[in-house]
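> Following is a predicted model, sequence given first.
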Amino acid sequence: MSATEKWLNQKYNFRDPASFLDALEKLSPISDEDAKSFFEDLLSPLHLKNLITKYHTSSFAADRKVDIIEATPHAAIEFIKNRLLESETILADDVAVMAEAYLKLGNHPASDLACAVAYLAGSRTCTVLCMVAGVAVRERRYLEAREVVADCLEQHPDRPESVYYAALLALAEGKLRDAMGQLWDLTRRHPRYRPGWTLLLDALLYAQEWEEAREAGYRATETHPEDPVLWGRLAVAHWKVGDLDLGMRAVETALDAMANQAETDEKDALFLHLVAAVMEEEKGQSDRALLRYRSLLERQQHDPAVFINAASCLRSANRAKEAASMLQAGLRLHPENPHMHRSMGELLFEAGRYGEAFGHLEKAARTEPAFSGCRLLMAAIRLHERRFQDAIDLAEEVARTDPKRSPEAFTLMGDAYRFQGAMRSALFAYREAMRKAPENLEITDRVRLAEAALQGA
């Protein structure tokens with residue numbers, strides 16, 4: 001028995017159709033946000049100035065029954081349920097089609113269950129293998145995911161989905177270069193396969209390969225000129241390269257394409273407007289950006305990114321009170337959002353309202369451990385309050401967990417030791433900061449002052 005079969009047997013142990021159908025009845029659809037949370041976690045460093053990108057998954061119907069699933073997924077499910085009730089064994093191919101139909105309806109728990117049962121019953125269609133690989137990746141079962149992806153590549157080498165899930169697994173395992181190579185190869189071999197372009201662009205943007213992302217965006221939109229998602233990714237690439245005019249044109253093209261679609265995704269439209277607003281702000285058109293943010297809020301687009309970016313725009317325009325009011329309105333709707341607490345904490349810190357700032361920064365850091373900047377500001381507040389050991393403890397945590405911010409952390413630790421009168425400890429911390437950032441003249445000056453103080457003593 002393979003590692004994948006052992007895992008799925010432990011998770012989904014159904015020996016007959018009746019027990020499988022009973023389990024299906026207990027599963028209800030989950031929200032799009034929950035269903036895509038894995039992909040947002042996977043690409044979370046991409047924040048793009050607090051713009052939360054939505055990841056698009058794609059489904060692949062069983063070869064012979066595409067029309068049934070696309071047109072009437074409910075009917076397909078009911079038809080297969082009736083067949084299973086009349087059968088003494090689980091019909092692998094039928095359950096595979098059922099899994100696809102549930103995915104079409106957005107019922108991911110039921111789809112996961114059905115694809116696993118189809119796999120255990122012997123189905124090895126490309127659809128089933130890809131769906132099982134997706135479940136394994138989401139659950140971070142990388143051994144099993146590798147096994148299934150290898151099986152899929154071997155049995156279905158010409159299917160674009162096989163390479164897509166191999167690249168998705170590489171991304172999940174942090175093998176960014178491998179994933180980008182696979183996706184470039186995929187888009188060259190299957191240029192009409194849209195999910196490949198989307199994932200390639202997301203990977204390139206995540207890697208901050210702006211020019212390469214722009215090249216991929218040109219190719220993707222040339223192949224799929226009607227796809228607003230691809231135009232939106234190209235807009236981001238233009239923005240990051242600094243070509244704001246081309247970026248705005250790409251956003252306008254995306255919005256026009258979206259207007260021509262029978263159904264539009266509000267999150268895609270929100271993302272495009274946020275990108276446009278950020279570019280308007282960078283072009284010095286803060287008033288236009290603010291109008292765009294207020295228009296989104298008037299249309300009940302209460303995503304945290306709208307409040308955060310609008311507040312950032314107001315801060316840049318030296319309208320701190322309005323920025324605070326904007327964030328307060330956002331926090332009333334999203335009281336636990338760490339990004340919003342971070343923005344409010346930074347704003348209050350700048351205003352010298354350290355006690356209030358600390359509370360917001362602490363909430364943000366507790367919810368999102370990667371927010372090392374929040375801990376540094378918290379340490380600075382404790383230093384201002386002459387709570388030196390608290391400041392040192394907070395700075396030490398940043399120095400230990402975030403190499404990029406460690407020069408700041410060691411500098412702050414040195415300041416706390418110096419105010420305590422522990423000059424040798426201060427000098428050690430300053431030297432660590434200088435070792436990590438030798439070009440920083442402020443740190444160099446601190447080292448010289450500490451050395452002079454020790455020599456004078």
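Arrived safely. Bear in mind that the values here come from a model prediction, so they are computed numbers and not experimental data.

> Run a quick check on A323 versus I308, I expect a contact.
No. Counting by Cβ atoms under 8 Å, A323 does not reach I308; the two are 10.1 Å apart. Glycine gets a C-beta too; all of them are placed from N, C-alpha and C.

> Quick check: D158 vs L169, distance?
The gap separating D158 from L169 is 19 Å, by Cβ to Cβ, to the nearest Å.

> nope, V137 is what I meant
Separation of V137 from L169 (Cβ to Cβ) stands at 6 Å.

> Find the residues that touch each one of those two.
Overlap of the contact sets of V137 and L169 (by Cβ atoms under 8 Å, 6 or more residues apart in numbering) consists of A145.

> and stretch 182-196, C-alpha only, in CSV?
C-alpha atoms of stretch 182-196 as CSV (Å, rounded to 0.1, in the frame of the first residue of the first chain):
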residue,chain,number,x,y,z
GLN,A,182,7.9,24.4,-14.6
LEU,A,183,5.3,27.1,-15.2
TRP,A,184,7.3,28.7,-18.0
ASP,A,185,7.5,25.3,-19.7
LEU,A,186,3.8,24.7,-19.1
THR,A,187,2.8,28.1,-20.7
ARG,A,188,5.0,27.4,-23.7
ARG,A,189,3.5,24.0,-24.3
HIS,A,190,-0.1,24.9,-23.4
PRO,A,191,-0.5,28.6,-24.0
ARG,A,192,-4.3,28.3,-23.9
TYR,A,193,-4.2,26.8,-20.4
ARG,A,194,-5.1,29.9,-18.4
PRO,A,195,-4.4,28.7,-14.8
GLY,A,196,-0.8,28.2,-15.8
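
> Give the buried residues for that stretch.
Q182, L183, W184, L186, T187, H190, P191, Y193, R194, P195, G196 (16 or more other Cβ atoms under 10 Å).

> Got the phi and psi for the nearest residue to A220 once chain neighbours are set aside?
Leaving out its chain neighbours, the residue that sits closest to A220 by Cβ to Cβ, 6 or more residues apart in numbering is W197, at 3.8 Å. W197 has phi and psi values of phi -70, psi -40 when expressed as degrees, to the nearest 10.

> just checking, W197 touches T187?
Yes. Between W197 and T187 a contact is recorded at 5.7 Å, counting by Cβ under 8 Å.

> what touches both of those two?
Listed as contacting both W197 and T187 by Cβ under 8 Å, 6+ apart are A216, R219, A220.

> Format those as JSON lines; extra columns: secondary structure.
Formatted as JSON lines, the shared contacts of W197 and T187 follow (DSSP: H, G, I helix; E, B strand; the rest coil):
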{"residue": "A216", "secondary structure": "helix"}
{"residue": "R219", "secondary structure": "helix"}
{"residue": "A220", "secondary structure": "helix"}
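
> how close does N107 sit to I77?
Using Cβ to Cβ, N107 is found at 9 Å from I77.

> Likewise for V447?
Shown here: V447 relative to I77, a distance of 70 Å by Cβ to Cβ.

> quick one, which of the two is more surrounded?
With neighbours defined as other Cβ atoms under 10 Å, V447 and I77 compare such that I77 has more, 23 against 17.

> Name the nearest residue to that one, sequence neighbours excluded.
I77 sits nearest to A101 (Cβ to Cβ, 6+ apart), 4.9 Å away.

> can you check Q389 too?
Counting by Cβ to Cβ, 6+ apart, Q389 lies nearest to A416, which is 7.8 Å off, once chain neighbours are set aside.
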